[in-house]
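[1] Task: produce atomic coordinates for the following.
(one chain, ligands or ions: 2)
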Amino acid sequence: MAASLKDQIDELLGKLNPGGIFGVDIGAHSIKVCELSGSPGKFKVDKFGAFVLSEAAIIEDEFQKPSEIVEGLLEAMKRAGIKSKTACLGLYGPNTMTKRLNVPEGTKEEIEDHIMWEAEQYITFGADESQISFHIIGENEGGGKDALVAAARTDVVESFSNILNDAKISPKIIDLNVIALSNVFEEVFRDDLEEYSQGSLIIDFGAQSTKVIVYKRGGPIFTKELAIGGGLVTEEIQRQMGVSYEEAEDLKTSGDDKGNLPEEILNIINTQVDQQVAEVKKNINFYITQGSAEKVEYCFVTGGNSLLPGLVEKLSAITGLEVKKMDIFPGIKIDEKKAENGLENLSAISAVAIGLAMRKVN
Ligand SMILES: Nc1ncnc2c1ncn2[C@@H]1O[C@H](COP(=O)(O)OP(=O)(O)OP(=O)(O)O)[C@@H](O)[C@H]1O
Ligand SMILES: [Mg+2]
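    Ligands and ions are numbered 1, 2, ... in the order given. This next block holds a predicted model:
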């Protein structure tokens with residue numbers, strides 16, 4: 001079938017304006033948008049903006065306050081100075097998943113048939129109501145190919161896309177946040193990738209969920225979202241201190257008037273961090289057990305909640321792994337002036353949006 005006129009124009013515009021696609025991460029705590037210049041090996045953050053949402057604007061993958069989210073997206077774009085109208089949109093939540101599959105040799109169509117045929121077995125939220133895509137990672141040792149399948153329930157794709165459409169943005173590429181993170185990881189550690197590909201954990205400690213990625217043999221072999229995150233810490237501060245959501249967020253991230261974390265807050269944080277790292281450990285036991293066939297050696301953390309004091313140390317103690325913050329700069333270049341709260345902070349919250357923005361060249 002001939003490409004429609006609109007597609008031809010879009011393609012032409014894309015060629016003339018390669019920076020045209022920007023990344024959109026509609027996080028439960030804040031919306032992040034990012035536009036990159038450059039190409040693999042020399043990406044630079046040209047534009048980045050964020051907008052912090054109000055309490056419970058998003059619950060799981062449901063938009064409780066859609067008009068605030070649309071306005072927040074537009075405001076984040078304005079802060080970033082993004083004028084583009086085409087985006088790569090990231091999805092997450094319980095109705096999204098990835099699966100690493102061995103597929104027999106064959107044409108693209110044959111591989112696709114194979115993946116669709118098996119999809120019913122592994123897509124727990126209904127293969128028929130889902131959008132499925134895949135990417136060949138490489139050759140498999142036993143012959144055949146190694147594929148990474150990504151799936152999202154159609155209604156989730158639609159509800160995320162509707163936010164963009166309402167903001168007059170066209171979601172030209174749809175991706176999963178966990179895949180975007182894995183792409184950033186590859187980009188930032190391109191020189192050490194062979195080593196890290198032996199087995200690395202990438203853990204995104206977000207507000208409402210914590211995303212675990214086991215990266216091995218050139219891509220994710222396992223991804224999972226756990227229902228823990230920074231929101232639980234905020235809730236506990238609200239409850240114990242009798243303060244509002246905003247006050248609790250402030251106390252947690254900036255401390256008191258002098259910037260110190262009061263003892264009571266520190267105690268709440270410590271208890272929460274203990275619980276959250278224990279929950280992570282339970283879910284990754286298989287990958288950290290000595291002698292396990294899928295053992296990982298490295299662990300990188302990102303996401304706003306990974307900035308909690310003590311989290312890295314406690315995660316390291318409980319897993320026995322050396323845990324590091326996934327510093328994406330200077331692997332990705334940035335003008336330091338863009339990082340109002342410091343590069344470490346920006347690195348933690350921006351990684352997903354940057355990974356989505358990287359799709360402009362794929
Ligand atoms: N400096 C900090 N110290 C501790 N916690 C922080 C800090 N900065 C942000 N956070 C917390 O991190 C969380 C936001 O992180 P992030 O932006 O990665 O989440 P999100 O992407 O919006 O949410 P999700 O990934 O769950 O959809 C919030 O709970 C916020 O309170
Ligand atoms: Mg997030």
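[2] Tell me who's in contact with whatever residue of the stretch 1-150 of the chain ends up closest to ligand 2.
    With C-beta to the ion as the measure, residue 27 is the residue of the stretch 1-150 of the chain nearest to ligand 2, at 3.9 Å. Every residue, glycine included, has its C-beta placed from N, CA and C. The neighbours of residue 27, taking C-beta atoms under 8 Å, 6 or more residues apart in numbering as the test, are 58, 206-207, 352.
[3] one more time with 7 Å
    Contact analysis of residue 27 by C-beta atoms under 7 Å, 6 or more residues apart in numbering lists 206-207.
[4] Need phi/psi at it.
    The phi and psi values for residue 27, taken as degrees, to the nearest 10, are phi -80, psi 160.
[5] hang on, residue 127 in a strand?
    No. Counting by DSSP: H, G, I helix; E, B strand; the rest coil, residue 127 is not part of a strand but coil.
[6] Would you mind confirming that it makes contact with residue 119?
    Yes. Between residue 127 and residue 119 there is a contact at 4.0 Å, judged by C-beta atoms under 7 Å.
[7] what's the model's confidence in the strand or helix carrying residue 214, averaged?
    Taking DSSP states H and E as the criterion, residue 214 maps to strand 210-216. For strand 210-216, mean pLDDT is 98.
[8] Now do it: distance to the chain's middle.
    10 Å (C-alpha atoms, centre = their mean, to the nearest Å).
[9] What of stretch 174-185?
    The answer for stretch 174-185 is 6 Å, by C-alpha atoms, centre = their mean.
[10] That one close to ligand 1?
    No. Against ligand 1, stretch 174-185 shows no contacts by C-beta under 6 Å from any ligand atom, the least distance being 7.3 Å.
[11] do stretch 34-54 as well
    No. Shown here: stretch 34-54 not in contact with ligand 1 (C-beta under 6 Å from any ligand atom), separated by at least 7.7 Å.
[12] Endpoint to endpoint, that stretch covers what distance?
    21 Å (C-alpha to C-alpha, to the nearest Å).
[13] which residues touch it?
    Contacting residues not belonging to stretch 34-54 are listed as 19, 22-23, 29-33, 65, 68-69, 72, 75-77, 79-82, 84, 187, 190, 332-334, 338, 349-350, 353-354, 357-358, 360-361 [C-beta under 7 Å, 6+ apart].
[14] What strand or helix carries the closest residue to residue 237 other than its chain neighbours?
    Closest residue to residue 237 apart from its sequence neighbours, by C-beta to C-beta, 6 or more residues apart in numbering: residue 248 at 3.9 Å. Using DSSP H and E, residue 248 falls within helix 245-254.
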